[in-house]
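1. Need a 3D model of the following:
(3 chains)
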Amino acid sequence: MKEFFFNITWIIPVFPFLAFLIIILFTQGNRKLSHSLSIGSMVLSWLVGWGVVFSAVATPHLGEHPIHKSIPWFETGTATFEIGYWIDPLMAIALFMVPFVCLMIFIYSVGYMGYGTDEVDPNYSRFFAYIALFATGMLGLVISENLLTLFMSWEIMGLCSYLLIGFWFQKNYDDPDKITPRQAGLKAFLVTKIGDLFFVLGILYLYSQAGTLSYADTLFNHEFLAHLAETPALPIFGGWSAASAIAVLIFGGAVGKSAQFPLHVWLPDAMEGPTPVSALIHAATMVSAGVFLVARIFPLLNIVVELDHHNPTMALIAFIGAFTAIFSSIVALAQNDIKGVLAFSTISQLGYMIAALGIGAYVAATFHLITHAFFKALLFMGSGSVIIGCHHEQDMMEMGGLRKKMPRTFWTFLAGGLALSGFPIITAGFWSKDEILAHAWHEFLHYGTASWPFFVWLLLTIAAFLTAFYTARQISLTFLGKPRSQHSEHAHETPNSMTIPLILLAFFAITLGWVGIPEEIVGQGNNFFHNFVGHEYAATPLSIPVMLLSSGLALGGLGLGWMVYGRKPLVAGQLDPLQKGMENIRLGWLYKAMQKRFYFDEIYQAVFIKGSIKLADLFYNIDYNWVINPIVNMVGTITRGISNIFNKFDEKVIDALVNITGLSSVKLSDLGGITDLKVVDGIVNGIADVTGWIGENVLRPIQTGKLQNYLLIMLISMLAIIGIYLVY
Amino acid sequence: MLVSVLVFVFASLVTLGAAVAVVTNKNILHSAFYLILAFVGVAAIYVMLEAPFIAMVQVLVYIGAIAILIVFAIMLTRRLMSKDMDQKNAQWIPSALGSLTLFVVLGWIVYTAGWPAQEGAMPAEPISQLGQDLLTTYLVPFEIASVLLLAALVGAILIGRERETRSAE
Amino acid sequence: MSIPLNWFLVVAAGLFCIGLYGVLSRRNAIGILMGIELMLNAVNINLIAFWRYLDPARLTGQVFAVFVFAVAAAEVAVGLALVIAIYRNRDTVVVEEIDLLKE
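-> As a prediction, the model looks like this:
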């Protein structure tokens, strides 16, 4: 049975791809058939996927001996590229999450896109085709056997992300400053492309060193990695080793895809897409691909640390992650859009994972990756349910009191929110976040207070507190108190196709953490997750102070949030207490900055976009006004000067000669005049008449001025010439 | 043998059929899409002629660049050509007859001429050989082609550019 | 080589003549350009076929085909720029209305 699943792993991404092709080519007119195909293909992928996952779990020592198969795909010159699949614990973990979450979101989309109601989306079938293609990309990325196919899947997802964010491309807003879905899609595409450029450079660099891109020969070949860590990189990287240069370049791709600072600006705007897309792409799967990639190249990072202790690579990664985590959780405090809060919380949680990888907590990062995917998908779909229930209202200030009206959504959203804020013991988020914090604490004890792990730990801990606070704020504003607008007054629970996936995901958001409870608590050797994923890495030691601290922070944040927003719920028109409080202590400007996302969009607009326009203007001026035109003018002036000289020559010399000739001709013609008049004139006039007649009646009509007439005549003449040639 | 003949016939029919659609379709945008299909067919023929590199360049240059450019141009100038407008000009009948005659003549020449088939093996690595040739034997034409492309690029920008001065005059 | 050379040449000739017909009969300037592209493709098929059947040892045919690609790219870039310029100045892409040559 195991062999069977391992042999058919390749088929997993094929199902959704077929569904995509069939829908886009044939069944666009039939909504029911389209979504059945999409969901059906995902069910098959999910079944095979979990078959592979459980077979992998049952295989001992999979971490040391990954299973991989590949076939030659294409050759160019002497190089052969292969396509195949790779089964190792990381892949199995991702494969546990991706098809299941995708399936839940697909089912949810049926309700969200309004199937069977009057509000059904006009491009309903196309939506299902796109998300099927997206699933193809994500599954392909997870199972791929080399960096080339990984990159291809990566770009398929980028394309789908663009198509799906801009899915409502015809939407326009009255406010010209509000970004439209069309612009948001473009922005996401372009910003992630910046990261992808670095990724490609990293892949090329790796290829130039290894001559192959398969994992087996590069990332999992210890000798090669050691060699790479000792090779100095190109001079442009300073004194780094090739290994760290490649790692940093590939990490650039993850920065773009996982929306890390400074390329985080696209993700909040990506919320313009339909909510299932936000859940699918911008919370659970695609943005995790960046983290997955960094986890994939973790052996490379590890070798850098082992052989080159003073290397800034890991510190850089950890810092970017930690900074992103704290930065975006601060911004999330002041967002009023229900999806906006979740967007920034996603960025912040991805920052956690990146930071975890940066401090070497491979197991903790993958653990958080998987738990986060479940609860964040749950939260997004919950918010989508709220949006549909409130008749497309997204402003939390206009909601309130939905607990009674949408009970299923409320309870599942609560489960997701508690998991996100790390509610102690019972939620999945607690165990995974705690493991990251414990590892950071451990590293910081190892390096001392003045070291970078200390700052990483500090930033992550503060971010944990803020996370709990804004989660409490969001739940209180949305569900507690009294309705603050007509929309929430008339809210209704959403159909089963939307709430059942919520319930299933809520189950995992609570229970999934139990596979990774530290072994000190449950007894030796029982931390199943660690044994499976990171056998070769040392376990993070349990740290009671950290666990107490993070429990305290989570409870404290939730409690404070409830004190501020939940105890005395807002009434319609009331100012956000946080804003009021900050204005009272003269921090109103800071709140404004938080609400405006610290003006990053404006800064990028001013620096990069305006800057490139200015640069283009400059080059235009250089080209056109300062160089080309002067040259052309100069040539013109010189030519005119020369022609003036010739003109003078003409007037003075030639005219004189002509005059002389003329005079002598007059004399001569006087002599011949008599004969001329009678004979020659007759002939000349005759010729002129004939020519004139031919010109008027034969040649002028032919000169139509129309190109194609001339061409046709050319063809006929050419045929005639060939005919003559062939006949004789 | 039989398979390759079938593949060849199929590719040729697709190419020629698509080409006919290109020149006869009333909707110029559909013509452009048929043009892409015709290019694909030609690429398949290159593959049958064991010139995979040329086939790949065909796909990249013709489909990836030229066809897309044409689609762009059609969309930019679309306002004027409504769908039900006649796409044939007045001389289409003589043109068709002329083209048909040319085809008959060419076909006759092809079948009567005896081609001096030479036995010779293909180079072991045709693609690297091609690269070598381009940079040694055919270096001058190669450079001229690059100058031509540059000139075409500059020319296209210059011609296609919007002239701001015109309105001022 | 199971397929005779003649077959390729006849297909190329057919493609050439179809393209020629397009050039001669289309009213839209872009249609004419598409016809020219078909003709250039026919030429390339000929070049490659002759190379494969008559002189496979040397790559002259392929080299020529590459040059045809370059020329075609240049031609279409300039051609489309011209079409757009004419469209902008004279508000037409119908070739019959572009007859300044007569004046």
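2. quick one: whatever helix or strand C:A77 lives in near chain B?
-> Element membership for C:A77 (DSSP states H and E) is helix C:60-90. Yes. Interface with chain B: helix C:60-90 contributes C:62-63, C:65-67, C:69-78, C:80-85, C:87-88 (C-beta under 8 Å from any C-beta of the partner chain). Where you see a C-beta, it was placed from the backbone N, CA and C, and this is true even at glycine.
3. which of the residues you listed count as buried?
-> Among those, those buried by neighbour count (16 or more other C-beta atoms under 10 Å in any protein chain shown) are C:62-63, C:65-67, C:69-70, C:72-78, C:80-85, C:87.
4. Sketch out the low-pLDDT regions of the chain for me.
-> With no chain named, the answer covers chain A. Across chain A, the ranges flagged by pLDDT under 70 are A:77, A:308-311, A:449, A:519-527, A:535, A:538-539, A:674-678, A:701-702.
5. meant chain C, my bad for not saying
-> C:1, C:99-103.
6. how does it look with 80?
-> Where chain C drops to pLDDT under 80, the residues are C:1-2, C:89-103.
7. how many other residues sit next to C:R90?
-> Applying other C-beta atoms under 10 Å in any protein chain shown, we find 12 residues neighbouring C:R90.
8. Now do the contacts for it.
-> Applying C-beta atoms under 8 Å, 6 or more residues apart in numbering or on different chains to C:R90 gives the contacts C:E97, C:I98.
9. Can you tell me how far it is from A:A450?
-> Distance, C:R90 to A:A450, by C-beta to C-beta, to the nearest Å: 74 Å.
10. same deal with A:N633?
-> Taken as C-beta to C-beta, the span from A:N633 to A:A450 is 66 Å.
11. So for the two, which residue has more residues nearby?
-> Remark: of A:N633 and A:A450, A:N633 carries more neighbours, 10 against 7, as counted by other C-beta under 10 Å.
12. So which residues make contact with whichever strand or helix holds that one?
-> Secondary structure from DSSP H and E places A:N633 in helix A:629-649. The contact list for helix A:629-649, computed with C-beta under 8 Å, 6+ apart, is empty.
13. Also stretch A:337-347?
-> For stretch A:337-347, contacts defined as C-beta under 8 Å, 6+ apart pick out A:259-260, A:264, A:267-268, A:270-271, A:275, A:278, A:282-283, A:287, A:324, A:328-329, A:331-332, A:335, A:376, A:379-380, A:383, A:386-387, A:394-396, A:399, A:420, A:467, A:470-471, A:473-474, A:478, A:597.
14. Stretch A:507-523 now?
-> A:100, A:367, A:370-371, A:374-375, A:378, A:415-416, A:419, A:426-432, A:435, A:438, A:525-530, A:539-542.
15. out of those residues, which are buried?
-> Here, 16+ other C-beta under 10 Å leaves A:100, A:367, A:370-371, A:374-375, A:378, A:415-416, A:419, A:427-432, A:435, A:438, A:527, A:529-530, A:539-540, A:542 buried among the contacts of stretch A:507-523.
16. Of those residues, which fall within the contact range of chain B?
-> Answer for the buried ones among the contacts of stretch A:507-523 near chain B: none qualify (C-beta under 8 Å from any C-beta).
17. can you pull out the helices in chain B?
-> Secondary structure of chain B (DSSP state H): helices located at B:2-24, B:28-48, B:52-57, B:68-76, B:92-112, B:126-135, B:139-160, B:165-168.
18. closest to A:S45 out of those helices?
-> For A:S45, the closest of the helices of chain B is helix B:28-48, at 30.2 Å, according to C-beta to C-beta.
19. The closest one: which residues count as buried?
-> Of all the residues in helix B:28-48, those buried under the rule 16+ other C-beta under 10 Å are B:28-29, B:31-48.
20. ok, which of these also contact chain C?
-> Within those, those near chain C by C-beta under 8 Å from any C-beta are B:I28, B:S31, B:A32, B:L35, B:A38, B:F39, B:V42, B:I45, B:Y46, B:M48.
21. For those, which two are the farthest from each other?
-> Spatial extent of those (C-beta to C-beta) is set by the pair B:I28 and B:M48 at 30.5 Å.
22. and A:Y604, how many neighbours?
-> 17.
23. meant to ask about A:L21
-> For A:L21, the neighbour count with other C-beta under 10 Å is 15.
24. Kindly report the same for A:V305.
-> Neighbours of A:V305 using other C-beta under 10 Å come to 14.
25. Surely it is in contact with A:G360?
-> Yes. Shown here, A:V305 and A:G360 form a contact pair, counting by C-beta atoms under 8 Å, at 6.7 Å.
26. can you list residues touching both of these two?
-> A:M314.
27. Which residue comes closest to A:S383 once chain neighbours are left out?
-> Spatial nearest neighbour of A:S383, excluding adjacent residues (C-beta to C-beta, 6 or more residues apart in numbering or on different chains): A:I338 at 4.8 Å.
28. Distance-wise, check that neighbour relative to A:V142.
-> 30 Å.
29. repeat for A:F220
-> Taking C-beta to C-beta, one finds A:F220 at 16 Å from A:V142.
30. And A:A464, by the same measure?
-> Counting by C-beta to C-beta, the gap from A:A464 to A:V142 is 28 Å.
31. Quick one: residues contacting residue 58.
-> Picking chain A for this. By C-beta under 8 Å, 6+ apart, the contact set of A:A58 is A:K2.
32. not what I meant, chain C
-> By C-beta under 8 Å, 6+ apart, the contact set of C:R58 is empty.
33. before we move on, back to that, quick one: distance of the helix holding C:A77 to the chain centre.
-> Here helix C:60-90 is found 9 Å from its chain centre; the criterion is C-alpha atoms, centre = their mean, to the nearest Å.
34. Show me which helix runs longest in chain A.
-> helix A:181-210.
35. Which positions in it come out as buried?
-> A:181-182, A:184-189, A:191-192, A:194-196, A:198-203, A:205-207, A:209-210.
36. just to revisit the earlier point, and A:F220 and A:V142? Which one has more around it.
-> A:V142 (28 against 16).
37. Tell me which stretches of the stretch 501-650 of chain A form helices.
-> A:519-522, A:528-533, A:544-561, A:577-584, A:588-595, A:600-604, A:610-620, A:629-649 (DSSP state H, counting those that start in this stretch).
38. Now tell me what touches the fourth one from outside.
-> The contact list for helix A:577-584 (C-beta under 8 Å, 6+ apart) reads A:L333, A:A334, A:R473, A:V564, A:Y565, A:L570, A:G588, A:L590, A:Y591.
39. Now do the first one: how many residues are near it, please.
-> The one in question is A:L333. Using other C-beta under 10 Å, A:L333 has 21 neighbouring residues.
40. Give me the distance between the residue nearest to B:V7 when sequence neighbours are not counted and chain A.
-> Excluding its sequence neighbours, the residue lying closest to B:V7 (C-beta to C-beta, 6+ apart) is B:M48, at 6.7 Å. Applying C-beta to the nearest C-beta, to the nearest Å, the value for B:M48 to chain A is 18 Å.
41. B:M48: what's it in contact with?
-> So B:M48 contacts B:S4, B:V7, B:F8, B:A11, C:I3 (C-beta under 8 Å, 6+ apart).
42. residues touching A:S38, list them.
-> With the criterion set at C-beta under 8 Å, 6+ apart, A:S38 makes contact with A:P16, A:A19, A:I23, A:F106, A:F128, A:A129, A:I131, A:A132.
43. Export those residues to a markdown table and append columns for secondary structure and distance to chain C.
-> Output for these, formatted as a markdown table (DSSP: H, G, I helix; E, B strand; the rest coil; distance: C-beta to the nearest C-beta, whole Å):
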| residue | secondary structure | distance to chain C |
| --- | --- | --- |
| A:P16 | helix | 36 |
| A:A19 | helix | 35 |
| A:I23 | helix | 31 |
| A:F106 | helix | 41 |
| A:F128 | helix | 35 |
| A:A129 | helix | 30 |
| A:I131 | helix | 36 |
| A:A132 | helix | 34 |
